[in-house]
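J.: what follows is a predicted structure for the sequence shown.
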Amino acid sequence: MDPEEFRAAGHALIDWIADHRLAADQRPVLAQVEPGEIRAGFPTSPPDTPISFDALTALLEERVVPGLTEVQHPMHFGWFPSNASLASVLGDIASGGLGNLGISWESSPALTEVEEVMCDWMRQLVGLSDRWHGTIHDTASTTCLVALLVARERATGLEQNSGGLQAVDSPLMVYTTAEAHSSVAKAALLAGYGWDNIRTVDIDPQTRAMVPASLEAAMAEDLSAGRIPSAVVASVGTTGTTAFDPVDAIADVVERSTSTPWIHVDAAMAGTAMLLPECRELWHGVERADSITWNPHKWMGTILDCSLFYVRNGTELESVMSTNPSYLQSTADGAVTQYRDWGIPLGRRFRSLKLWFQLELEGIEAIQTRIRRDLDNARWLEGEIESEDGWSVIAPVALQTICVRHVPPGFTSEQLDDHTLRWVRAINDSGAAYLTPARIETPDRLGSWAVRISVGVENTERHHLVALWKLMREAATSSLS
């Protein structure tokens, strides 16, 4: 395809994307296909001859679109928001079109320096001090792995440069809660800690946040047994209920300890809330952490993949991640940031263009207004649920996620779980909306399943919440018949 053919196809593709977005609310939210159905729509062997772009978009509509769960649909309330603002989509197109290679500063000075600027802009926008320096990764799962690798090497005095974990006599411990994202345990396993060395710290049954006293007791027990506290992962906005671990109190515990574990703050979704000054108390003490991650590609709306990773000590990070092969050495070394030394991959895309385009084309005030709208809508729905007999919100609504149960009188825990899964599946299977069932234990121990309603899709307005609440009551009533 030459540039002129690309120009014509690009115009047609932009029109197709715009039409797809405009008609999002006319399609089912959940893909209405069976396992294997999409694959079966493709030939079993690759094509021999090219087709026209018009023919390709027709196949896109026929073979792919039916298998899409429409996360940009205004009635999508599952998982966390995965917005893809069209302004950031343009930045993504620019990134792909430029086709730059980020393996060193010299390979693309603009790629490195625009990323530095965007990370610094975002730092300022969430109220972090200038002690923090950032980079852009793909997801928070990767940033957590990087944090735990650095924590491992801090605890062992850079043992990777000699015998590695095989030369460490004492087990290295990671502390988190059962509410933490599954990527935390996965990162600990990939970093070589092992399941036996992941400590699940108690949570407050009401707030579902880490209990600092329990963390302190666990660390003291490990130290007395000859184990080494290596890392504490604090969740700022947990996946299940958006609970907030008390970062400041956690830092107090670490400061009192004779060990120096790394504190990593996972604010993957909730970091967007920190764009609002009135929300920053929720991560009070964050300046005392060692690393922070949050994903503009969630609630803020920057298209995947765009996960910010900040550290207070870039030198410590580079000492673990640095590589300096002869074929990448340059006269600029020592005077510039080499982002290959800030993470796992050598090569990187020009991800910062997505942030730049979104910030310039939308403006931060519009983004803040949208976030405040979502918070207000969540509070409205919380009030509606709490005022209805038989319905309850089972966890504090810290931001935009509401965890709810419908509890018919006289139900056993087993009956309640069956009822909960039945009514939420009815909504999801209908395609009218999408909600996420999740296991959430509560002090009353009545049932373990609840339904998460995550408000925050870019085009979700109050009337969509009104429609959802009506669907929920109808589905719950039908489940009983």
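T.: Thanks, I have the structure now. Here the structure is a predicted model, which is why all the values come from computation and not from measurement.
J.: hey, let's count contacts and neighbours off CA atoms from now on
T.: OK.
J.: touching the helix or strand that residue 250 is a member of from outside, list them.
T.: Element membership of residue 250 [criterion: DSSP states H and E] is helix 247-256. Helix 247-256 has contacts (C-alpha atoms under 8 Å, 6 or more residues apart in numbering) with 212-213, 215-216, 234, 260-261, 263, 265, 283-286, 288-289.
J.: pick out the lowest-pLDDT one from these.
T.: Lowest in pLDDT among those is residue 260, which has 91.
J.: name the nearest residue to that one, ignoring sequence neighbours.
T.: Spatially, and ignoring its direct neighbours in sequence, residue 260 is nearest to residue 254 (6.7 Å; C-alpha to C-alpha, 6 or more residues apart in numbering).
J.: tally up the residues packed near that neighbour, please.
T.: 23 (other C-alpha atoms under 10 Å).
J.: and residue 201, its phi and psi?
T.: Note on residue 201: backbone dihedrals following degrees, to the nearest 10 are phi -80, psi 150.
J.: for it, give the beta-bridge partners.
T.: Here residue 201 sits in beta bridges with residue 177, as judged by DSSP bridges.
J.: just the strands in this structure please.
T.: Applying DSSP state E to the chain gives strands spanning 133-137, 172-177, 198-201, 228-235, 262-266, 291-294, 307-311, 391-393, 401-406, 436-439, 449-454.
J.: mean neighbour count and distance to residue 471 added to those strands, as a markdown table?
T.: As requested, those are exported to a markdown table (neighbours: other C-alpha atoms under 10 Å; distance: least, C-alpha to C-alpha, whole Å):
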| stretch | mean neighbour count | distance to residue 471 |
| --- | --- | --- |
| strand 133-137 | 23 | 38 |
| strand 172-177 | 25 | 34 |
| strand 198-201 | 20 | 37 |
| strand 228-235 | 27 | 32 |
| strand 262-266 | 26 | 33 |
| strand 291-294 | 27 | 32 |
| strand 307-311 | 25 | 34 |
| strand 391-393 | 18 | 14 |
| strand 401-406 | 24 | 13 |
| strand 436-439 | 18 | 14 |
| strand 449-454 | 25 | 13 |
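J.: closest to residue 36 out of those strands?
T.: strand 436-439 (22.8 Å; C-alpha to C-alpha).
J.: quick one on the thing from earlier: report the mean per-residue pLDDT for the helix holding residue 250.
T.: Rounded mean pLDDT across helix 247-256 is 97.
J.: quick one, that helix and strand 228-235 angle?
T.: Orientation of helix 247-256 against strand 228-235 (axes from the mean of the first three to the mean of the last three C-alpha atoms, to 10 degrees) gives an angle of 170 degrees.
J.: could you check the angle helix 247-256 makes with strand 262-266?
T.: 170 degrees.
J.: dump helix 247-256 to PDB, restricted to CA.
T.: Output in PDB follows, covering the C-alpha atoms of helix 247-256 (Å, rounded to 0.1, in the frame of the first residue of the first chain):
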ATOM      1  CA  VAL A 247      -0.900   4.400  52.500                       C
ATOM      2  CA  ASP A 248       0.200   6.800  55.200                       C
ATOM      3  CA  ALA A 249      -0.300   4.300  58.000                       C
ATOM      4  CA  ILE A 250       1.400   1.600  55.900                       C
ATOM      5  CA  ALA A 251       4.400   3.900  55.500                       C
ATOM      6  CA  ASP A 252       4.500   4.400  59.200                       C
ATOM      7  CA  VAL A 253       4.700   0.600  59.700                       C
ATOM      8  CA  VAL A 254       7.500   0.300  57.200                       C
ATOM      9  CA  GLU A 255       9.400   3.200  58.800                       C
ATOM     10  CA  ARG A 256       9.200   1.600  62.200                       C
END
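J.: could you pull out the helices in this structure for me?
T.: 3-22, 37-40, 53-59, 86-98, 109-125, 140-156, 182-190, 212-224, 247-256, 314-321, 352-362, 364-386, 413-430, 462-480 (DSSP state H).
J.: could you identify which of the ones you listed is most buried?
T.: Comparing the helices of the chain by mean neighbour count (mean count of other C-alpha atoms under 10 Å), helix 140-156 ranks first with a mean of 24.
J.: what's the distance between residue 347 and residue 13?
T.: To residue 13, residue 347 is 28 Å away according to C-alpha to C-alpha, to the nearest Å.
J.: could you export the strands of the chain as CSV, including distance to residue 476?
T.: Formatted as CSV, the strands of the chain follow (distance: least, C-alpha to C-alpha, whole Å):
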stretch, distance to residue 476
strand 133-137, 41
strand 172-177, 32
strand 198-201, 35
strand 228-235, 32
strand 262-266, 35
strand 291-294, 35
strand 307-311, 37
strand 391-393, 10
strand 401-406, 7
strand 436-439, 14
strand 449-454, 12
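J.: on that earlier part again, and the helices of the chain: which comes nearest residue 70?
T.: The closest of those to residue 70 is helix 3-22. By C-alpha to C-alpha, the value is 9.7 Å.
J.: how close does residue 371 sit to residue 271?
T.: Separation of residue 371 from residue 271 (C-alpha to C-alpha): 12 Å.
J.: circling back to that earlier point, and residue 189, which of the strands of the chain is closest to it?
T.: Nearest to residue 189 among the strands of the chain is strand 198-201; the distance by C-alpha to C-alpha comes to 8.8 Å.
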